[in-house]
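> I'll drop the sequence and a predicted model, then ask my questions.
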Amino acid sequence: MQNVRLEKINEIKQHINTLILLDKEASLEVKGLTDEELYYVRKEFDNKSTQIILNRYTEWVIIQTFDKSRKTSQTKEQLRKDGASASRYIRQTKTEDVQIIDYCGNPSFIKAFVEGILLGNYQFNKYLKDPSEKESKLKTIYVLSFDMIQKDWEVLSNVIQAVYYTRDLVNEPPTTLTAVTLSEEFTKLAKDAGLQIEVMDKARIEALRMNGLLAVNRGSIIPPTFTVLTWKPEKAGNSKPIVLVGKGIAYDTGGYSLKPTPDSMDSMKSDMAGAATVASVMYAIAKNNLPVYCMALIPSTDNHIGASAYMPGDIITYSDGTSVEVMNTDAEGRLILADALLYAKQLNPELLITIATLTGSAHKAIGTQGMVGMGNLPEETIQKIIQAGDEEYERIALFPFWDEYKDSLKSEIADLKNIGGGNAGAITAGKFLEHFTDYPYFHLDIAGVAFFSRADNYRLAGGTGIGVRLLYHFLENFSKLR
Ligand code: BES
Ligand code: ZN
Ligand code: ZN
């Protein structure tokens, strides 16, 4: 993982590349700008510019302003985007150190701006022969802001590291990132963050009769894994854990219900994005020592074809006796998540959230501007999740979760089948999962947002890490309320 250091300073540094964040309605008499520069900045502001670059002999200065008349969450999002465009300038100019001077007086604004710089600065260069040409050289960001203490910057830095971690895991090619190497990565991560970890191997998975995970794994030459991460600080406000469950399909070929076109397969290394997300969230809450009792469950395998692979028509009997007729081997995510949901019953969760690249249907329904959410939590709790999503701009479109949607999962010869009738595919998938729960439940389908083939501002091409900041901030808010 790249690591840019964030350091609080108390005085302006001279002769260093500088970003100035200011409210354009406030006085522009910013220390350090010449009269000519001030004249130019005023003129550009009148022309409605919000980001102005001044080039001096020895350094550059970027003046950044913002529109306060919008909703705070939107102003923050614009500042993240502005941060990302500043990060492109930082990269092109091979800048190593910058200072940011905050004259805006709103901690959430300076935070969003720095967040945008860091999210935009991410690169996945490990497979390049010569990365130096396009590599970011950024090492340190000095921030002069009286609204933030050094600790605040460390907290932000850990969350960004968590996003980077998800992006790295998603971007890693499928031959190197398997169920086994994924669990090895989690073991390193847990050690680094001080999380408890248990990685169950195939024998243990068999002993626990995780028959969905075993069925999907049958076509693979690599054994499945089931990872449990635990963060239980002494001062946790909750005695029942919040449980996060992430889909860990290392690669999804569709199995014998093979994906229809090659291009529907070329991003399927991202089918473990949910798994990477929940592990990253655990990392961030542990690094930041959040007083919240939380666990993550991660079933993992790839979904392949082969002589021993599971087939359409197969019936899987789960550890609780539920039988599932496999109508489509490409609806494999729900089959492995069901084992995790059954396992969670003994943990007596306060609430459980699944996050998964589960259905093309979620992507089709709302595109890439947000993720699909649904569940049976109390209305108040659902609003808290949605609010965390709005604040981080990892937005949730809440879908209905009516029981009638379950009707289309009826099978003639088993208790359930693994696909619904064709319509409302994201919801019927959610209803399938809910069948295996007996605790408050919420489901996030990130199929549309986990992986981008083209960059959209600070959501760069490849794994986006969307979901990490949402869940982290939901848990942070939750821990403050206890
Ligand atoms: N991993 C896919 C869903 C997906 C699609 C993720 C596009 C990211 C981008 C999932 O396993 C899948 O194949 N779902 C099927 C379900 C169907 C057979 C009911 C789908 O959405 O087509
Ligand atoms: Zn699939
Ligand atoms: Zn899948």
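Looks like it came in fine. Ligands and ions are numbered 1, 2, ... in the order given.
> ok, is stretch 344-354 in contact with ligand 1 or not?
No - with Cβ under 6 Å from any ligand atom as the criterion, ligand 1 is not reached by stretch 344-354; the gap is at least 13.4 Å. Quick note: C-beta positions are derived from backbone N, CA and C, even for glycine.
> and what of stretch 467-482?
No - Stretch 467-482 stays clear of ligand 1 (Cβ under 6 Å from any ligand atom), getting no nearer than 13.2 Å.
> how much space between the residue in the chain that ligand 3 sits nearest to and ligand 2?
Residue nearest to ligand 3 within the chain (Cβ to the ion): Asp252, separated by 3.8 Å. Distance of Asp252 to ligand 2, given as Cβ to the ion, to the nearest Å: 4 Å.
> looking at it, that residue is touching Asp330, isn't it?
Yes - between Asp252 and Asp330 a contact is recorded at 7.3 Å, counting by Cβ atoms under 8 Å.
> which residues pair with the residue of the chain closest to ligand 3 across the strands?
Asn303 (DSSP bridges).
> Would you map the strands across the stretch 301-450 of the chain?
Ranges of strands within the stretch 301-450 of the chain are 315-317, 323-325, 351-356, 371-375, 396-398, 416-417, 441-445, based on DSSP state E, counting those that start in this stretch.
> how about CSV for these, with mean pLDDT and mean neighbour count added?
Output for these, formatted as CSV (pLDDT from 0 to 100; neighbours: other Cβ atoms under 10 Å):
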stretch, mean pLDDT, mean neighbour count
strand 315-317, 99, 17
strand 323-325, 99, 20
strand 351-356, 99, 28
strand 371-375, 99, 26
strand 396-398, 98, 19
strand 416-417, 98, 21
strand 441-445, 99, 28
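> Quick one: closest of those strands to Lys287.
Among the strands of the stretch 301-450 of the chain, strand 351-356 comes nearest to Lys287, with 19.6 Å by Cβ to Cβ.
> So Asp252 and Asp330 - more neighbours on which side?
Asp252 (26 against 20; other Cβ atoms under 10 Å).
> Can you give me the pLDDT of the more buried one?
With respect to pLDDT, Asp252 scores 98.
> same thing with Gln123?
97.
> ok, it touching Lys137?
No - using Cβ under 8 Å as the test, Gln123 is too far from Lys137 to be in contact (11.0 Å).
> So which of those two has more stuff around it?
Ranked by neighbour count (other Cβ under 10 Å), Gln123 and Lys137 place Gln123 first, with 17 against 12.
> Now name the helix or strand holding the more buried one.
Counting by DSSP states H and E, no helix or strand carries Gln123.
> How far off centre is the least confident helix or strand in the chain by mean pLDDT?
Ranked by mean pLDDT, DSSP states H and E, the helix or strand of the chain with the weakest confidence is helix 35-46, at a mean of 92. Put simply, helix 35-46 sits 40 Å off its chain's centre (Cα atoms, centre = their mean, to the nearest Å).
> where exactly do the helices run in the chain?
Counting by DSSP state H, the chain has helices at residues 35-46, 72-92, 107-121, 150-171, 179-193, 202-207, 211-217, 273-287, 333-344, 360-366, 379-392, 425-434, 468-481.
> thought Ala215 was touching Asp339?
No - between Ala215 and Asp339 there is no contact under Cβ under 8 Å: 9.8 Å.
> Now for Asp252 and Asp330: what residues contact both?
Lys259, Asn303 (Cβ atoms under 8 Å, 6 or more residues apart in numbering).
> need the residues of the stretch 201-350 of the chain near ligand 3, please.
Counting by Cβ under 5 Å from the ion, the residues of the stretch 201-350 of the chain lying close to ligand 3 are Ile249, Asp252, Asp271, Gly333.
> OK, contacts around the first one?
Same thing as Ile249. Ile249 touches Val216, Met268, Asp271, Met272, Ser300, Thr301, Asp302, Asn303, Glu332, Gly333, Ile336, Thr357, counting by Cβ under 8 Å, 6+ apart.
> One more pass at 10 Å, please.
The contact partners of Ile249, by Cβ atoms under 10 Å, 6 or more residues apart in numbering, come to 179, 216, 268-275, 299-303, 332-333, 336-337, 356-358.
> Could you tell me which residues of the stretch 301-450 of the chain lie near ligand 2?
So the stretch 301-450 of the chain meets ligand 2 at Asp330, Glu332 (Cβ under 5 Å from the ion).
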